[in-house]
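Q: coords please:
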Amino acid sequence: MKKAILIGLMALALPMSAMADNDDDDAKAGSKAGLAGLLSKGNREKLPKLTLSAGQPVSKEALKLKSGKYYTMEIKADGSQELALEGAGFFRAIWVNEIVIEGIEIRPLGVDSLEFDEAGEAEISFIAIKPGSYYLKVPGSKGDSQQVSITIE
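A: The predicted model follows:
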């Protein structure tokens, strides 16, 4: 009985070892997602910094993201006014790895908005998941410059 279980486990392990060999070949061939998969360095991209400042645009341009790609987004507030960025739809379309504020790493289950009462910086690292059109905007604002349009392809 023990031999049958051992033979069965070995049979299951063979296809797994073959897949591991393929992962090595993909990494050597320059595949973007290596052994670490979606979190690998080859799959990461840093987005342009977002700025929170009274009367200033949040971003210089709209953001175009690709589903399955790992991104880092830095948000900087200058403290000129208490400002926030909201975008529940966007936050539901991504998987947030962490939010780093003054060296403190936060791994949330969900996010609706980030509010800055004073000057500071936050960095969000995430994987874009759900294709669609989204935004991050200053709550209560009406101008296009007070938001950033985000498209996930």
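
Q: How is this protein divided into domains?
A: As given by automatic domain parsing, the domain ranges for the chain are 2-31, 39-152.

Q: give me the element Ala54 is part of.
A: Assigning secondary structure by DSSP states H and E places Ala54 outside every helix and strand.

Q: shouldn't it be in contact with Ala77?
A: No. Taking contacts as C-beta atoms under 8 Å, Ala54 lies outside contact range of Ala77: 10.1 Å. Placement of C-beta: from N, CA and C, glycine included.

Q: what residues are shared contacts of the two?
A: Between them, Ala54 and Ala77 share the neighbouring residues Leu83, with contact defined by C-beta atoms under 8 Å, 6 or more residues apart in numbering.

Q: more neighbours, these two?
A: The residue with the greater number of neighbours, taking Ala54 and Ala77 and applying other C-beta atoms under 10 Å, is Ala77; the counts read 23 against 11.

Q: bridging residues for that one?
A: In this entry, Ala77 is beta-bridged to Leu52, Gly120, by DSSP bridges.

Q: Was I right to think it contacts Glu115?
A: No. At 9.2 Å, Ala77 and Glu115 do not qualify as touching, with contact defined as C-beta under 8 Å.
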